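1. Coordinates only, no sequence provided:
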């Protein structure tokens, strides 16, 4: 059984999946020409070169991949693996009015904003997982961008500080990554001098993690920050990479049929280092726990209800 933590009663609106909105948690892989992101949220185009005798355009470094197993307690090396997940559509429950507060969007009333042409259902988030030492990339297959009947939700949460995690469960965080104890050599001690006697730099070189994209850096051993959990909807031409240690829900398909995902990650075969899970237990007073509000139009397409220009706060 995974470790459990109490979950507040909170309802989460769906956002559009864009690289700008998702950068804290990982990367979005898509052809920039097909992006649905508003121009205000589009990042600079990745570098591109001509390929295949001029018949293709090759975008470079479209995602950030990390293998941090050198930080794992066992020190057992990991290898790259590719698996396939055939994800069936999730069961949703009927919408019921709630006093729950959507996370990270302030005091907003989502129960009165739907018109007669929209249908609202609820997806209960019962479990979150993370892969503390590896990125994990999900690539959907056989799903068109124009497919209005089947999409998938990407549900993620930031990581709490370790001290806050202890308060939530009254015990240490689950499976904490150990602090790396490194003996300082004479060279390391003198390298901190200004200027360094070993280089022409006025300051010591930055740590290995400071050079990484924020989504690639170790997240620490803390529990998920449920008050800032977020949900994004992705279409068929978008793949997603979760940064190492990013708390996320198992892939949630919404619609008529399963989606086949090719999943790329590293693994060393030690279960507790490859994948860690947290069960979310609704507080008895709260009632329902963490819920994603899934609004859809008459065709079944999931509608975006949060993000720039999509919601108005009750100030």
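-> All right, it came through fine. Given the structure is predicted, the values throughout are model-derived calculations rather than measurements.
2. What's the first helix or strand after the worst-scoring helix or strand of the chain on mean pLDDT?
-> Within the chain, no helix or strand scores below helix 186-191, which has a mean of 59 by mean pLDDT, DSSP states H and E. Later in the chain than helix 186-191, the nearest helix or strand by DSSP states H and E is strand 230-234.
3. Okay, now the sheet partners of that following strand, with direction.
-> Using DSSP bridges, the strands paired with strand 230-234 are strand 14-16 (parallel), strand 150-157 (antiparallel).
4. Please dump those strands into JSON lines; it should also carry mean pLDDT, distance to residue 140 and mean neighbour count for every row.
-> Any C-beta I mention is one placed from the backbone N, CA and C, and that applies to glycine too. Listed next are the strands paired with strand 230-234 as JSON lines, based on pLDDT from 0 to 100; distance: least, Cβ to Cβ, whole Å; neighbours: other Cβ atoms under 10 Å:
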{"stretch": "strand 14-16", "mean pLDDT": "94", "distance to residue 140": "17", "mean neighbour count": "24"}
{"stretch": "strand 150-157", "mean pLDDT": "95", "distance to residue 140": "7", "mean neighbour count": "23"}
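5. show me the contacts for residue 253.
-> 87, 88, 89, 90, 150, 151, 152, 153, 259 (Cβ atoms under 8 Å, 6 or more residues apart in numbering).
6. Tell me which residues touch residue 125, please.
-> 155, 229, 249, 280, 289, 290, 291, 292.
7. Lowest-confidence one in those residues?
-> Lowest in pLDDT among those is residue 289, which has 91.
8. any idea how far the residue nearest to that one when sequence neighbours are not counted lies from residue 37?
-> Computed as Cβ to Cβ, 6 or more residues apart in numbering, the closest residue to residue 289 that is not its neighbour in sequence is residue 282, at 3.2 Å. In this view, residue 282 and residue 37 are 34 Å apart by Cβ to Cβ, to the nearest Å.
9. again, but for residue 283
-> For residue 283, the distance to residue 37 - Cβ to Cβ - is 36 Å.
10. between those two, who's got more neighbours?
-> residue 37 (19 against 12; other Cβ atoms under 10 Å).
11. ok, the more buried one - contacts?
-> 16, 18, 19, 20.
12. Could you work out the most separated pair of the residues you listed?
-> 16 and 19 (11.0 Å; Cβ to Cβ).
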